[in-house]
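# attaching a predicted model along with its sequence, questions to come.
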Amino acid sequence: YSGLTYLTYVDGDICEKTCAEMTYPLAVTSAMGFSMLALWQSTLASMFAPGLALRGPPGSMEMAANQLVEEYQGAMRLFVVSLF
């Protein structure tokens with residue numbers, strides 16, 4: 001709610017108030033979107049990697065472990081982007 005209360009304190013400059021009204025919802029929505037993408041990516045990786053490791057062809061355990069590391073690194077990048 002800090003962005004909404006900031007708008008009440010802005011006096012005079014209509015450009016500053018308009019910019020605040022536009023950027024705050026955009027920033028919050030993009031942060032939430034990146035967080036949801038990170039959650040989705042880590043959930044899918046943790047659901048499908050064990051199945052590949054157990055029921056895949058020979059050598060699939062190492063392939064699943066390597067792929068899981070890559071997916072979790074990608075999810076971590078998305079999460080870090082959502083913080084900024």
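Perfect, thanks for sending it.
# surely A75 and S46 touch.
No - counting by Cβ atoms under 8 Å, A75 sits too far from S46 to count as a contact (9.8 Å). Where you see a C-beta, it was placed from the backbone N, CA and C, and this is true even at glycine.
# so the two - more neighbours on which side?
A75 (20 against 13; other Cβ atoms under 10 Å).
# could you give the number of residues near L78?
Residues near L78, counting by other Cβ under 10 Å: 19.
# off-centre distance for the longest helix along the chain?
Here the longest helix in the chain is taken by residue count, with DSSP state H as the criterion, and it is helix 14-55. Helix 14-55 has its C-alpha centroid displaced from the chain centroid by 3 Å (Cα atoms, centre = their mean, to the nearest Å).
# OK, contacts around L52?
Contact analysis of L52 by Cβ atoms under 8 Å, 6 or more residues apart in numbering lists 60, 63-64, 67.
# what's the answer for G56, then?
Neighbouring residues of G56 by Cβ under 8 Å, 6+ apart: 63-64.
# now it, what are its backbone angles?
Backbone dihedrals for G56, given as degrees, to the nearest 10, come out at phi -80, psi 180.
# cool, G59 as well?
Geometry field for G59 lists phi and psi as phi 90, psi 0, criterion degrees, to the nearest 10.
# quick check: it vs L37, distance?
Distance, G59 to L37, by Cβ to Cβ, to the nearest Å: 30 Å.
# among the two, which residue is more densely surrounded?
Neighbours per residue (other Cβ under 10 Å) separate G59 from L37, with L37 holding more: 16 against 8.
# that one contacts R77, correct?
No - proximity of L37 to R77 does not meet the contact threshold set by Cβ under 8 Å, at 10.1 Å.
# which helix or which strand is home to P57?
Under the assignment given by DSSP states H and E, P57 is not contained in any helix or strand.
# quick check on it: phi, psi?
phi -70, psi 170.
# and stretch 66-84, what's buried?
Applying a neighbour-count criterion of 16 or more other Cβ atoms under 10 Å, one finds 67-68, 71-72, 75, 78-79, 82 buried in stretch 66-84.
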